[in-house]
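J.: can't give you the sequence, but here's the structure:
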């Protein structure tokens, strides 16, 4: 009941700032959390090791919160505020939740002891990473710009070894005014390391800029690699 009461003000904020569906989803999530805490309380702990509890607790917490946020709700007030701030700042939802918890757990350290507070920080650091991966997806799309004099070789290698189509854009250096070609390619988060390896194989001094993008359309579909 305490969990529900504490989160009531955030239901109202979420309803006004995000919408009715979000508020209803959040109320449902918090009620499920309250019932779950009550039902699971009598069950013995799976481990007495605080570090193991912090690590696996962080993973499970992050996955659960991430799935709820991804489907239009939140699990507590800090997440509701994080969703609102995510649209107005450059921070991710997981980063904003972590910032809130840094203040909360720092205060809790004075009451419950610094050992517990630091273990809790480990749990929430893992949770915020998992939240972002769950919300954005492991296959989150990344738009990559590559500037190199070996653009032709790099473009051919990306097509052959990644199976991704590339676009060559006309560019002009702002300092020397030299004409050049800029490679633009969209890949997944998991392909970034391989892309960098391919580019560095031709030109270690190549300029690579990477940003998150939202993609739609059949042109993005991955081609077969021969």
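T.: Structure's in. What do you need? Predicted, not measured: the structure shown is a model, and the values here were computed from it. Residues are numbered from 1 along each chain as shown.

J.: Now do residue 167 against residue 157, distance only.
T.: Separation of residue 167 from residue 157 (Cβ to Cβ, to the nearest Å) stands at 15 Å. All C-beta spots, glycine's among them, are computed from the backbone N, C-alpha and C.

J.: and these two? which has more neighbours close in?
T.: Taking neighbours as other Cβ atoms under 10 Å, residue 167 and residue 157 compare with residue 157 leading, 17 against 11.

J.: Where does the more buried one sit, in terms of helix or strand?
T.: Element membership for residue 157, per DSSP states H and E: helix 151-162.

J.: buried sites along the longest helix seen in the chain?
T.: Secondary structure of the chain read by DSSP state H shows that its longest helix is helix 114-136. Buried residues in helix 114-136, counted by 16 or more other Cβ atoms under 10 Å: 117, 119-136.

J.: All the strands of this protein, in order from the start?
T.: With strands called from DSSP state E, the chain shows them at 141-147, 166-172, 179-188, 207-212.

J.: So which bits of the shortest one are buried?
T.: So that's strand 207-212. Buried-residue list, strand 207-212, by 16+ other Cβ under 10 Å: residue 208.

J.: Tell me the helices and strands packed up against it.
T.: Strand 207-212 is packed against strand 141-147, helix 192-202, with contacts defined by 3 or more Cβ pairs under 8 Å, 6 or more residues apart in numbering; DSSP states H and E.

J.: Show me which residues of the shortest one are buried.
T.: Yep, that's strand 141-147 we're talking about. 141-142, 144, 146-147.

J.: Tell me the spacing between the closest residue to residue 102 other than its chain neighbours and residue 79.
T.: Distance criterion Cβ to Cβ, 6 or more residues apart in numbering; nearest residue to residue 102, sequence neighbours excluded, is residue 121 at 7.3 Å. Between residue 121 and residue 79 the distance is 17 Å, computed by Cβ to Cβ.

J.: Then residue 101?
T.: 11 Å.

J.: what residue is smack in the middle of the chain?
T.: Centre of the chain computed as the mean C-alpha position; nearest residue by Cα atoms, centre = their mean is residue 132, 2.2 Å away.

J.: Could you find the closest non-adjacent residue to it?
T.: Nearest non-adjacent residue to residue 132 (Cβ to Cβ, 6+ apart): residue 94, at 3.9 Å.

J.: how many neighbours does that neighbour have?
T.: Counted with other Cβ under 10 Å, residue 94 comes out at 27.

J.: Ok, the one 5 residues further on next?
T.: Under the neighbour criterion other Cβ under 10 Å, residue 99 is assigned a count of 15.

J.: what's the nearest residue to it if we skip its chain neighbours?
T.: Nearest one to residue 99, counting by Cβ to Cβ, 6+ apart, is residue 91 at 7.5 Å.

J.: Need the per-residue pLDDT for the one you found.
T.: Listed pLDDT for residue 91 reads 74.

J.: Surely the residue nearest to the centre of the chain touches residue 96?
T.: No: with contact defined as Cβ atoms under 8 Å, residue 132 and residue 96 do not form a contacting pair (10.4 Å).
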